[in-house]
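Enquirer: structure, please.
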Amino acid sequence: MITNKSQQKLQLSSTSRIAFRDALSDLPKSIPPDPNNIKISEKEKNLFKTSLTNWICLNIRSINIIEDEGLKSLIDLSIRIGYMHGPVSVSSLFPCRKTITKEIQKIGMAGRDEMKTVLIKAAKERRLSLSPDLWSDGYKQISYLGCVAQWLDDEWNLCSFDLFCLPYRKPNKSAANLIKVIEDGLELFGLKPFMFDIVWVSDRGSNFKKALAKFTVLHCIAHRLNNMLQHTFYQSQMNKVKQDAVFADYYASSMEDEDDYVSDNDTEDDISFSDDEALIDKRIKNRNNFYATSTRNTLNNTITQLPSDAKRVLVTIIQCKDLVKYIKKVRRISAYLYYYCS
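Expert: As a prediction, the model looks like this:
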């Protein structure tokens, strides 16, 4: 998605915009020139409001959907068609799921081709930067590699575009596997030949550092500051390690979410660890020490073999117990206020 306001015209493919405009122009010209002059009765407004409310509630839609420009455009087109042809059956207009899927793929290909031209031009002129990052879905147990593109247009406006987000299905997160997935994503936009012309922005994870070592790289200062703040204010490390040991799938640490580490299966001997990696090593050592000294290894092995639904129940119980202390604090404060203020 383009985030710069001056570049919002790129949010939709120009091909789809042109097709939509042509479709409107093909309609008969007897449509009133100014629909705002048409007065609608309060009864009709209330009927539409009730129908819209029922749709949102019964189908569990976000209330913000009424502000969606796409929905307004769709309703506007429906009103125009109904004005010209009278009452029309919804089934005669609404396509099936397969048709919509094909149309999404068609518009997606057209939009990708349009963005190829913009991104390749920016890469050739060395004003394109890419920010790849790994993140994990703790529920589905799937990792993803996403990449955001940023560049300056001809009017010096900063533009941003979500380039790709691909499932990471490699056996580990080594530099060799990482660069392969990045190249697969770049192939979608024809950017693979321009990797040396792109400025790369990433965290200081050793796998990213080695994967992008041949290119121009700027390390993200936000990740650095985040690690510094965690190291400074993280006061309950052993408690978190215990939770991770029992429910590793449901207590993913922020370090793991950032993927600022190399997988255990990675055997890269020439990696030079920065302070960030040293901090992560320290946490891993603490976790290993906990495993070595814990007397609940058998219990942990049993819990890890539980079905995911049973794990979620136990995690919910643990989280509820964690909330009890706050309930007690509130009660003490309430009693204190009642005693001194009454």
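Enquirer: ok, now which ones touch the closest residue to residue 143 other than its chain neighbours?
Expert: Nearest residue to residue 143 in three dimensions, chain neighbours excluded: residue 168, at 4.1 Å (Cβ to Cβ, 6 or more residues apart in numbering). Heads up, the C-betas are built off the backbone N, CA and C, glycines and all. By Cβ atoms under 8 Å, 6 or more residues apart in numbering, the residues touching residue 168 are 134, 142, 143, 144, 145, 181.
Enquirer: the closest residue to the second one other than its chain neighbours: what secondary structure?
Expert: By that I understand residue 142. Of all residues not flanking residue 142 in the chain, residue 167 sits nearest, at 5.9 Å (Cβ to Cβ, 6+ apart). The three-state label given to residue 167 by DSSP: H, G, I helix; E, B strand; the rest coil is strand.
Enquirer: what helices or strands is the helix or strand harbouring residue 76 leaning on?
Expert: Using DSSP states H and E, residue 76 sits within helix 69-85. Judged by 3 or more Cβ pairs under 8 Å, 6 or more residues apart in numbering; DSSP states H and E, helix 69-85 is in contact with helix 14-26.
Enquirer: quick one: name whatever helix or strand follows the helix it packs on.
Expert: For helix 14-26, the succeeding helix or strand toward the C-terminus, using DSSP H and E, is helix 42-58.
Enquirer: number of nearby residues for residue 309?
Expert: For residue 309, the neighbour count with other Cβ atoms under 10 Å is 7.
Enquirer: can I take it that it is in a strand?
Expert: No: counting by three-state DSSP, residue 309 is not part of a strand but helix.
Enquirer: now it: how far from residue 190?
Expert: According to Cβ to Cβ, to the nearest Å, residue 309 stands 45 Å off from residue 190.
Enquirer: residue contacts, the residue nearest to residue 142?
Expert: Residue 167 makes contact with 142, 143, 144, according to Cβ under 8 Å, 6+ apart.
Enquirer: dump these into CSV; add secondary structure, distance to residue 223 and neighbour count as well.
Expert: Output for those, formatted as CSV (DSSP: H, G, I helix; E, B strand; the rest coil; distance: Cβ to Cβ, whole Å; neighbours: other Cβ atoms under 10 Å):
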residue, secondary structure, distance to residue 223, neighbour count
142, strand, 22, 12
143, strand, 17, 17
144, strand, 17, 16
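Enquirer: tell me the secondary structure at the residue nearest to residue 182 when sequence neighbours are not counted.
Expert: Nearest residue to residue 182, sequence neighbours excluded (Cβ to Cβ, 6+ apart): residue 132, at 5.7 Å. Three-state assignment for residue 132 (three-state DSSP): strand.
Enquirer: what's the neighbour count on residue 132?
Expert: Using other Cβ under 10 Å, residue 132 has 23 other residues around it.
Enquirer: go on, residue 56?
Expert: Neighbours of residue 56 under the rule other Cβ under 10 Å: 15.
Enquirer: please name the nearest non-neighbouring residue to it.
Expert: Nearest to residue 56 is residue 63, by Cβ to Cβ, 6+ apart, at 6.3 Å.
Enquirer: quick check: that neighbour vs residue 88, distance?
Expert: Using Cβ to Cβ, residue 63 is found at 28 Å from residue 88.
Enquirer: ranges for the helices of the protein?
Expert: Per DSSP state H, the chain carries helices over the ranges 14-26, 42-58, 69-85, 90-93, 97-124, 175-187, 206-211, 221-233, 237-246, 254-258, 275-293, 297-304, 308-341.
Enquirer: surely the residue nearest to residue 56 and residue 55 touch.
Expert: No: with contacts counted by Cβ atoms under 8 Å, residue 63 stays clear of residue 55, the gap being 11.3 Å.
Enquirer: mind showing which ranges of the stretch 1-150 of the chain have poor pLDDT?
Expert: 1-35 (pLDDT under 70).
Enquirer: at 80 what do you get?
Expert: Within the stretch 1-150 of the chain, the stretches with pLDDT under 80 are 1-38.
Enquirer: same question for the stretch 151-300 of the chain.
Expert: Judged by pLDDT under 80, the stretches of the stretch 151-300 of the chain that qualify are 223, 227-300.
Enquirer: re earlier: bridge partners for the residue nearest to residue 142, pull those for me.
Expert: residue 144 (DSSP bridges).
Enquirer: against residue 182, how distant is it?
Expert: 14 Å.
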